[in-house]
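# when you get a sec, could you give me coordinates for this:
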Amino acid sequence: MNMTLNLMNTTTMSTMAFNVEQERALRIGLVSISDRAASGVYQDQGLPALEAWLQQAISSPIALHQRLIADERAHIEACLIELVDQLQCDLVLTTGGTGPARRDVTPEATLAVATREMPGFGEQMRQISLAFVPTAILSRQVGVLRETANHAALILNLPGQPKAIRETLEGLKNPDGTQKVPGIFAAVPYCIDLIGGPYCETRPEVCAAFRPKSALRPQQQAQQAQQQQ
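Okay, the predicted model is just below:
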């Protein structure tokens, strides 16, 4: 039985005004993995949390493809392949199914469709979560690349709770708002650059994307120089 919900975000691109070079939108797949939410036992919270954070954090155009599926490895693998190979998503974020329970198979499904692993993402996610709960060591999130002949995408497993999703993406901040521990999304735009995706810009007050100076566009180089003065 097909347990997927296909929700195309049609409003995102019209709300994003900054697109200097008329570059295409960053295509992002969002996948919430939960037996109970997929069967209607309770309302999914992962997809709304992901969409809300991305809308706040990213200032360049995005297009979202959303899925809600059960904890079935074959369904997860098929969903990831569809989002990357058919819909050409540049980034896929999953939420849920990363613990040690027998039904938690998101990491296995993700690794099964991967061409290369990006272990730093999982390591940083656990490091961030350990600042809040000791059970973060039970999390098995992974980051991978899926590459085809003419396309590549970054796939990241995120926690299942909205609060943990935000903390993982955004990182830890000091009381004065300065960054204490970078979130994983700070490295995502440059990773997408390197695998051939569109240039993604973020709002620094939410999440400051990091790129080496050589990878910055002229406008961003000028802004960085002003901030350093």
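# and the pLDDT for the residue nearest the centre of the chain?
With distances taken as C-alpha atoms, centre = their mean, the residue of the chain nearest its centroid is L93 (3.8 Å). As predicted, L93 sits at a pLDDT of 98.
# next structured bit after the helix or strand hosting it?
Element membership for L93, per DSSP states H and E: strand 91-95. Sequence order places helix 106-112 as the next helix or strand after strand 91-95, per DSSP H and E.
# what helices and strands are in contact with that next one?
Packing contacts for helix 106-112, counted by 3 or more C-beta pairs under 8 Å, 6 or more residues apart in numbering; DSSP states H and E, involve helix 73-81, strand 152-158. In short, each C-beta sits where N, CA and C put it, glycine included.
# output stretch 135-152 as PDB, restricted to C-alpha atoms.
This file holds the C-alpha atoms of stretch 135-152, laid out as PDB (Å, rounded to 0.1, in the frame of the first residue of the first chain):
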ATOM      1  CA  THR A 135      20.400   9.600  25.200                       C
ATOM      2  CA  ALA A 136      21.700  11.500  22.100                       C
ATOM      3  CA  ILE A 137      24.200   8.700  21.800                       C
ATOM      4  CA  LEU A 138      21.400   6.300  20.900                       C
ATOM      5  CA  SER A 139      20.700   8.300  17.700                       C
ATOM      6  CA  ARG A 140      21.900   6.800  14.500                       C
ATOM      7  CA  GLN A 141      21.400   9.700  12.000                       C
ATOM      8  CA  VAL A 142      23.600   9.600   8.900                       C
ATOM      9  CA  GLY A 143      24.500  12.000   6.100                       C
ATOM     10  CA  VAL A 144      25.100  10.700   2.600                       C
ATOM     11  CA  LEU A 145      25.300  11.600  -1.100                       C
ATOM     12  CA  ARG A 146      23.300  10.000  -3.800                       C
ATOM     13  CA  GLU A 147      24.800  10.500  -7.200                       C
ATOM     14  CA  THR A 148      23.500   9.700 -10.700                       C
ATOM     15  CA  ALA A 149      25.100  10.300 -14.000                       C
ATOM     16  CA  ASN A 150      23.900  13.900 -14.200                       C
ATOM     17  CA  HIS A 151      22.700  14.800 -10.700                       C
ATOM     18  CA  ALA A 152      23.700  14.600  -7.000                       C
END
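# got the buried residues for it?
For stretch 135-152, a neighbour-count test (16 or more other C-beta atoms under 10 Å) marks A136, S139, R140, Q141, V142, G143, V144, L145, R146, A152 as buried.
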